[in-house]
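Chemist: quick check, what structure comes out for this input:
(one chain, ligands or ions: 2)
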Amino acid sequence: MKKRLGVTVSRQIMDSQRLHPQATGDLSGLLNELIVAAKIISAEVNMAGLADILGQSGKKNIQGETVQKLDEFANATIKRRMEQCGYICVMTSEEEEGIIPVLDGYEGKYTLAFDPLDGSSNIDVNVSIGTIFSVHRKITDGPKGSERDLLQKGSLQVAAGYIIYGSSTVLVYTTGEGVHGFTLDPSVGEFFLSHPDIRIPERAKYYSVNEAYTNYWYDGMRKYVEYLKEIDQKTGRPYSLRYIGSLVADFHRNLISGGIFLYPRDRKSTDQPEGKLRLLYEAAPMAMLVREAGGLAVTDDGQDILDIQPVDLHQRVPLIIGSRFDVERAKRFVVS
Ligand code: AHM
Ligand code: MG
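Modeler: Residues are numbered from 1 along each chain as shown. Ligands and ions are numbered 1, 2, ... in the order given. Next comes the predicted model:
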């Protein structure tokens, strides 16, 4: 796609809707509502340091509300905006155990899974955090959505994306026609196209993994990460390690610059026998994005993340995701 200056995200969404004359506009409406939620969360994230000061002194924030934890705020904001937008029938959040119904009379034809504020351990230390979302079409009969509507394979997603609250706020999303990135201009409150048609570099420059857990890994994973530290024939250097511990931030960097992110399962029996990341809120939406951008996402036994049939709203999955060449090579190491 040619770079068009000044294109807002709403314009881009409408333009892609126009390519589908049969479209009802519901998906566009849904995305636009989510974007409003993202702007509200972004504003709150930017105020977080101040809110903390107010919170510590037991004060209320500028609207007279008691200061809320940021992840709870993000969760409540998305729920409140989406439960009566009229485009979705049911939601699920990483922060909540069960399904989240929408208001009676507002049932729509899509479902929404979201991680309101991923990387929450980074909130208090000014490190980038993000919101991740995944949209499916309703598959059951009747207006009400159910768990079955949410437990669908990643390959059936109709849209996925994230908003990263970093040095600037950036929205990256796909509806299956490329991956596009938009940067929020806070002075006008609009997301403008900044990264049209993102393609992840075929080969990684970075690897991202929590290496402190090496002793928990299976041999294949250990050997692969050791291999990355050897001199690469092509570059004459080993790979560089970058690990933020905030999936959205690690993924975003790798998407733009080329990289591979790994969160394997534990060999030793710990509390992470399937890794840490959640299929519905983290792995599947990132897998759709990376696939659309030319990359790949698999488990540590080589299964394509997009092919996994979820059985539980909060199921975890080992994740290897990023530049295609490197994910393919990692697969050869880890699949025995
Ligand atoms: P969260 O959803 O509780 O924030 O946890 C998910 C985060 C990811 O953003 C990140 O990739 C991972 O946890 C980091 O885990 P670890 O600290 O084990 O390396
Ligand atoms: Mg998370």
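Chemist: any weak-confidence spans in the stretch 1-150 of the chain?
Modeler: By pLDDT under 70, the low-scoring segments of the stretch 1-150 of the chain are 1-5, 50-68.
Chemist: make it 80
Modeler: 1-5, 48-68, 120, 124 (pLDDT under 80).
Chemist: where do the helices sit along it?
Modeler: Using DSSP state H, counting those that start in this stretch, the helices of the stretch 1-150 of the chain run over residues 9-18, 26-46, 48-56, 70-82, 147-150.
Chemist: tabulate the ones you listed (JSON lines), appending distance to ligand 1 and mean neighbour count.
Modeler: For every residue, glycine as well, the C-beta is placed using N, CA and C. As requested, those are arranged in JSON lines below (distance: least, Cβ to the nearest ligand atom, whole Å; neighbours: other Cβ atoms under 10 Å):
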{"stretch": "helix 9-18", "distance to ligand 1": "24", "mean neighbour count": "17"}
{"stretch": "helix 26-46", "distance to ligand 1": "14", "mean neighbour count": "20"}
{"stretch": "helix 48-56", "distance to ligand 1": "15", "mean neighbour count": "14"}
{"stretch": "helix 70-82", "distance to ligand 1": "8", "mean neighbour count": "20"}
{"stretch": "helix 147-150", "distance to ligand 1": "18", "mean neighbour count": "18"}
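Chemist: of all the ones you listed, which one is nearest ligand 2?
Modeler: Closest to ligand 2 of the helices of the stretch 1-150 of the chain, according to Cβ to the ion: helix 70-82, at 9.3 Å.
Chemist: quick one: contacts for the closest residue in space to Ile244 that isn't next to it in sequence?
Modeler: Closest residue to Ile244 apart from its sequence neighbours, by Cβ to Cβ, 6 or more residues apart in numbering: Asp250 at 5.1 Å. Contacts for Asp250 (Cβ atoms under 8 Å, 6 or more residues apart in numbering) come out as 208, 242-244, 259, 261.
Chemist: host element of Asp250?
Modeler: Assigned by DSSP states H and E, Asp250 belongs to helix 247-257.
Chemist: wait, does that helix contact ligand 1?
Modeler: Yes: Helix 247-257 is in contact with ligand 1 by Cβ under 6 Å from any ligand atom, via Leu247.
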